[in-house]
Each structure stands twice: as C-alpha cells, then as structure tokens.
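Participant: pasting a predicted model and its sequence here:
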Amino acid sequence: MDSGYYAASTALVSHTQALDAIANNLANASTVGYRAEHNVFSSVLESAGTAPNTPLNSAINNYGILSRTTLDLNQGSLQKTGNDLDVAVEGPGFFTVQTADGPMYTRNGNFRVSTQGQLVTANGDAVMGDKGVINMLPGPVSISADGTISSNGAVSGKLKVVEFPSGTQLSSTGNTYYSAPPKTAATATNSFVRQGSLESSNVNPVYSMVELITEQRTTGMMQKALSMFNSEIDKTATQDLPKVG
C-alpha cells in the first residue's frame, strides 16, 4: 500500500489529538490556576529500505506525530476576591498539596477550612505547610507575602510554596493539579503570596481559537487526502488487479 496513505493516517491521528488539547484549553479558559497546554509535533522518517533518499521519498515517508504537550508557565492575571482564604502566587511558584497519589502542585489558591480545622483545597486535599498539614486557628485569617498564616497574632503555619528548575517537565493530573519529577521541587525564592486574590487561567482564548481553526482545517485536508487514497486503492483493486496474469 502507498506509504503516503500511512503518512496521511498518522497526520490525521496526531492533529486530532492536538484538537483535543486545544479544546481542553478553551474549556478551562476561566478555570482558576489552569496552565495552558501547547502541542509539540515531531517527525519520524520511516525506513525506505533500499529506495533512494530523494526529497519526494523523504516527504511521503516522513510521518508527523504529536510527541508531547508542554505547559505554559506564564503568569495569569490576579483577580481580587476579598476572600481571606483565597490566595494567589505571584511568580513561578506552586502551592504544595497532599493527595492520595502523593504530593501535587497547584496554582489554584481557592482554599477553605475543613471540618477537622485543616486548610484544604476545593477538592478536600490538605494544603501543605513547611512543617506539614496546616491546622487553622480560630479568628480572622491573615496571610503574609511569604505565606505565613496567622490569626489574632498567633501563627497557624506557613504555606509550602515551591519552584522548579528551568526545563522541569510538569504533568497535568487534573483538577488543576500538576506532578513533577522526584526531588525537583525547591523552596520558593522568587514567589510571593497575595491574600484575597486568585490567579486566572493563562489561556489566551483568541490564540486558542486561531489554533483550533488551523487544526480543524488540517484534519479536514488529511481526511480528504485519505479519501483520495481510498478511491485510488479501490480503483486498483477493481480495475487493475483483475488484469494481472
């Protein structure tokens, strides 16, 4: 079968996957602390055997795949809420959260106090301090720029805000939580906590819509190419093969 058929099939699959990522960005354009995901494509040159490596031969054997997605770590805008338990990170840092699957990291500072008196996320997971789970004290809450939480002058704990070395690959695990490779999280030195604010999603809706339209056109072209290949294959099977021999 013509290798161009396989190249078109691979391209259709990869661009369909890219559409899913773009649609997810648009769906989370208003989700607090959400980090946009960008598609990274790569090519795989299928071995052409003994065939000469001509430009045409390379083109039809060069299969495009969606190799991975990367997180956009640019700062989202901070929106004031006036809620004492809403906090945002200004800078590259992440809050640390303890989940059933281990420590996770988030930029979503929409916190609350559980019935056990612990500071938790909207999902009910414990927000970690530099000395473990934070047990909140009664009274008005004050959170300083370094993450220290106090009530009526008594300190409840200090938010564990971490940063990651440049190039660290964070992975989305859902619910605006992100995982990181072991031992990459370090105490934040360039981040500040802002009480009474939340960080909005850093998705650019206009840019994402342009991406969506581009990918839709590309998938449409690949579908048309596959239809043409199928027509040619059917013609060969019905008209040319019976003449052999």
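Facilitator: Everything's here; your move. Bear in mind that the values here come from a model prediction, so they are computed numbers and not experimental data.
Participant: tell me the bridge partners for residue 110.
Facilitator: In this structure, residue 110 bridges to residue 86 when assessed by DSSP bridges.
Participant: surely it is in contact with residue 86?
Facilitator: Yes. The criterion here is Cβ atoms under 8 Å, and residue 110 meets it with residue 86 at 5.9 Å. All C-beta atoms are positioned from the backbone trio N, CA, C, and that covers glycine.
Participant: intersection of neighbour lists for these two?
Facilitator: Common neighbours of residue 110 and residue 86 (criterion: Cβ atoms under 8 Å, 6 or more residues apart in numbering): residue 198.
Participant: so which of those two has more stuff around it?
Facilitator: residue 86 (22 against 19; other Cβ atoms under 10 Å).
Participant: so what's that one up against?
Facilitator: Here residue 86 is in contact with 109-111, 195-198 (Cβ under 8 Å, 6+ apart).
Participant: switch the cut-off to 10 Å
Facilitator: By Cβ atoms under 10 Å, 6 or more residues apart in numbering, the contact set of residue 86 is 32, 79-80, 108-112, 143, 194-199.
Participant: helix or strand with the lowest mean pLDDT in this protein?
Facilitator: Lowest by mean pLDDT, DSSP states H and E among the helices and strands of the chain is helix 55-61, with a mean of 48.
Participant: what's the ChimeraX line that selects buried ones from the contacts of residue 86?
Facilitator: In ChimeraX, this line selects whichever of the contacts of residue 86 come out buried by 16 or more other Cβ atoms under 10 Å:
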select :32,108,109,110,111,143,194,195,197,198,199
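Participant: closest one to residue 209 out of the contacts of residue 86, please.
Facilitator: residue 32 (21.2 Å; Cβ to Cβ).
Participant: now the closest one: how far from residue 176?
Facilitator: Applying Cβ to Cβ, to the nearest Å, the value for residue 32 to residue 176 is 7 Å.
Participant: likewise residue 155?
Facilitator: In terms of Cβ to Cβ, residue 155 sits 27 Å off from residue 176.
Participant: likewise for residue 144?
Facilitator: 24 Å.
Participant: among the two, which residue is more densely surrounded?
Facilitator: Neighbours around residue 144 and residue 176, counted as other Cβ under 10 Å, are more numerous at residue 176. The numbers are 23 against 14.
Participant: residue contacts, that one?
Facilitator: By Cβ under 10 Å, 6+ apart, the neighbours of residue 176 are 28, 31-35, 97, 104-108, 110, 121-123, 201.
Participant: ok, 8 Å please
Facilitator: So residue 176 contacts 31-35, 106-108 (Cβ under 8 Å, 6+ apart).
Participant: quick one: pLDDT of it?
Facilitator: Per-residue confidence at residue 176 stands at 95 (pLDDT).
Participant: gap between it and residue 200?
Facilitator: Taken as Cβ to Cβ, the span from residue 176 to residue 200 is 12 Å.
Participant: ok, and residue 38, which helix or strand is that part of?
Facilitator: strand 37-45 (DSSP states H and E).
Participant: quick one: average confidence on that strand?
Facilitator: Strand 37-45 comes out at a mean pLDDT of 63.
Participant: if we can go back for a sec, give me the PyMOL select line for the contacts of residue 176, limited to the buried ones.
Facilitator: Per 16+ other Cβ under 10 Å, the buried members of the contacts of residue 176 correspond to this PyMOL selection:
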select buried, resi 32+33+34+35+106+107+108
